[in-house]
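Novice: Predicted structure and sequence below. I'll ask about it afterward.
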Amino acid sequence: MPPSIDRFTGCILGQAVGDALGFPAEGWPAEQTAAVVTPFPDHFTSHPCGLFPPGQYTDDTQMMRAILTSLVEQGQVNSGDIAARFVPLWQDGEIVGRGGATTEAVLRLMAGVPWRASGTPAPRAGNGSAMRTAPLGLWLYDDSAALAQAAADVSRITHADPRCLAGAVAISAAVAYAASHDAIDAGTFIGFVAGLARPYHAGFATLIERLPHWLEMDESAAVQKIRLAGLPPEQRSDWPGISPFVVPTVLVCLYAFLRTPADYCEAVRFVIAQGGDVDTTGAIMGAISGAFNSIGAVPESLARAVTDQGRHGYEELRALAESLWTLKHPTLPTEPR
């Protein structure tokens, strides 16, 4: 049985909501971010800088929207078309919360560098490609080999480090599994995600396979392990909470999903409460949990308030998600099941 249309809309709007909830608190320590989402809010707050409306989402969802739009209009994964859709976000000054590695890559695209060569190379390993791959998981949920290849290629546009490729594959795989299963078996889920990530970075896959151990630990101890995962023993993150390094970003979202797979609000609350790069952890977590729990789990007051500077809000994102589902399942009725 294919995923319902509500899982597609839950994924896309779930990401936008998680992103917009985290954005005003990006870079804050855990004590402060936890207060933002405890209790879980029913409305957005404005960004402290005063430049953005409540419900503003960031580059995480802007770039995800570009991928989603490309899939709908192209009917296939076309990495060149996706790369071309990233460029106007920078050219037109629309990008919000841009990352350094992504910006460097887009500037190379603007200078005529082909997408296969534009990605920022190792050792830069941020989460800027993992944050945007959810639509690939929806589109290719039934073809794991094509899914992994597509996620890795779309990562290469901006992030070429093998850890970034593995992270993008892992998140798209998590979305694919979540969207296409009615129950989450942790062992099977972890095996699927780690198995697709392993060809791109074996060490990252091994860390994903550590999740059952961390899930048995005290939560604060587990999060501390995750926060430092993938770093050399002598290196420490200078970010409060979860840094933009792709390894802990992906791991904390997988951990939070397996901790409460059936509770969208708690999963998003948990990752934002850990502090750090909370627009991205909120976005990724919202996409995975929304894909599993469907749009009904995403608070409607928040979903209807997401915006990109007054545009590209609820109606457009929902229409794109529904169009993607219809394109994927042309012979099926569109009623949720």
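Specialist: Noted; the coordinates are in hand.
Novice: okay, which residue is most central for this structure?
Specialist: Ile284 (2.9 Å; CA atoms, centre = their mean).
Novice: Please enumerate the helices of the stretch 201-337 of the chain.
Specialist: Ranges of helices within the stretch 201-337 of the chain are 202-208, 211-216, 219-228, 246-259, 264-273, 278-293, 300-303, 314-328, based on DSSP state H, counting those that start in this stretch.
Novice: Could you pull up the mean pLDDT of stretch 265-280?
Specialist: In this model, stretch 265-280 carries a mean pLDDT of 98.
Novice: Let me know which of the helices of the stretch 201-337 of the chain is tucked in deepest.
Specialist: helix 278-293 (a mean of 32; mean count of other CB atoms under 10 Å). In this view, the C-beta of every residue, glycine as well, is placed from N, C-alpha and C.
Novice: one step back: so which of the helices of the stretch 201-337 of the chain is nearest Ser155?
Specialist: helix 246-259 (9.5 Å; CB to CB).
Novice: now the closest one, how far from the centre of its chain.
Specialist: 11 Å (CA atoms, centre = their mean, to the nearest Å).
Novice: repeat for stretch 280-291
Specialist: Using CA atoms, centre = their mean, the offset of stretch 280-291 from its chain centre is 6 Å.
Novice: Restricting to C-alpha, output it in PDB.
Specialist: Extracted in PDB, the C-alpha atoms of stretch 280-291 (Å, rounded to 0.1, in the frame of the first residue of the first chain):
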ATOM      1  CA  THR A 280      17.800  22.700  11.000                       C
ATOM      2  CA  THR A 281      17.200  20.000  13.600                       C
ATOM      3  CA  GLY A 282      13.600  21.200  13.800                       C
ATOM      4  CA  ALA A 283      13.200  21.100  10.000                       C
ATOM      5  CA  ILE A 284      14.700  17.600   9.600                       C
ATOM      6  CA  MET A 285      12.800  16.200  12.500                       C
ATOM      7  CA  GLY A 286       9.600  17.800  11.400                       C
ATOM      8  CA  ALA A 287      10.000  16.200   7.900                       C
ATOM      9  CA  ILE A 288      10.600  12.700   9.200                       C
ATOM     10  CA  SER A 289       7.900  12.700  11.900                       C
ATOM     11  CA  GLY A 290       5.500  14.400   9.600                       C
ATOM     12  CA  ALA A 291       6.000  11.700   6.900                       C
END
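Novice: quick one, what contacts the closest residue to Ser323 other than its chain neighbours?
Specialist: Of all residues beyond its chain neighbours, the one nearest Ser323 is Val72 (4.7 Å), with distances taken as CB to CB, 6 or more residues apart in numbering. Residues counted as contacts of Val72 (CB atoms under 8 Å, 6 or more residues apart in numbering) are Leu320, Ser323, Leu324, Leu327.
Novice: repeat that for 10 Å
Specialist: Applying CB atoms under 10 Å, 6 or more residues apart in numbering, one finds that Val72 lies in contact with Pro135, Trp139, Ala319, Leu320, Ala321, Glu322, Ser323, Leu324, Thr326, Leu327.
Novice: which parts of whichever helix or strand it is part of are buried?
Specialist: Element membership of Val72 [criterion: DSSP states H and E] is helix 59-74. Buried residues in helix 59-74, counted by 16 or more other CB atoms under 10 Å: 59-72.
Novice: ok, so of the residues you listed, who is nearest Phe204?
Specialist: When the buried residues of helix 59-74 are compared against Phe204 (criterion: CB to CB), the nearest one is Asp60, at 20.0 Å.
Novice: wait, what's in contact with that closest one?
Specialist: Counting by CB under 10 Å, 6+ apart, Asp60 has contacts 15-16, 18-20, 22-23, 96-97, 99, 127-128, 130-132, 134, 277, 279-284, 286-287.
Novice: at 6 Å instead, please
Specialist: Asp19, Met131, Thr280, Ala283 (CB atoms under 6 Å, 6 or more residues apart in numbering).
Novice: swap in Val96?
Specialist: Contacts of Val96 (CB under 6 Å, 6+ apart): Thr58, Asp59.
Novice: Mind pulling up the pLDDT for Ser237?
Specialist: 71.
Novice: Likewise for Pro2?
Specialist: For Pro2, pLDDT reads 91.
Novice: burial of it, as a residue count?
Specialist: Using other CB atoms under 10 Å, Pro2 has 14 neighbouring residues.
Novice: Provide the secondary structure category for it.
Specialist: Put simply, Pro2 is coil when judged by DSSP: H, G, I helix; E, B strand; the rest coil.
Novice: hang on, the earlier thing: how about the contacts made by the residue lying closest to the residue nearest to the centre of the chain once chain neighbours are set aside?
Specialist: Computed as CB to CB, 6+ apart, the closest residue to Ile284 that is not its neighbour in sequence is Cys253, at 4.6 Å. Shown in contact with Cys253 (CB under 6 Å, 6+ apart): Thr281, Ile284, Met285.
Novice: nearest to Thr158, of these?
Specialist: Nearest member of the contacts of Cys253 to Thr158, counting by CB to CB, is Ile284, at 16.0 Å.
Novice: ok, now which ones touch that closest one?
Specialist: Contacts of Ile284 by CB under 6 Å, 6+ apart are Met131, Ile171, Cys253.
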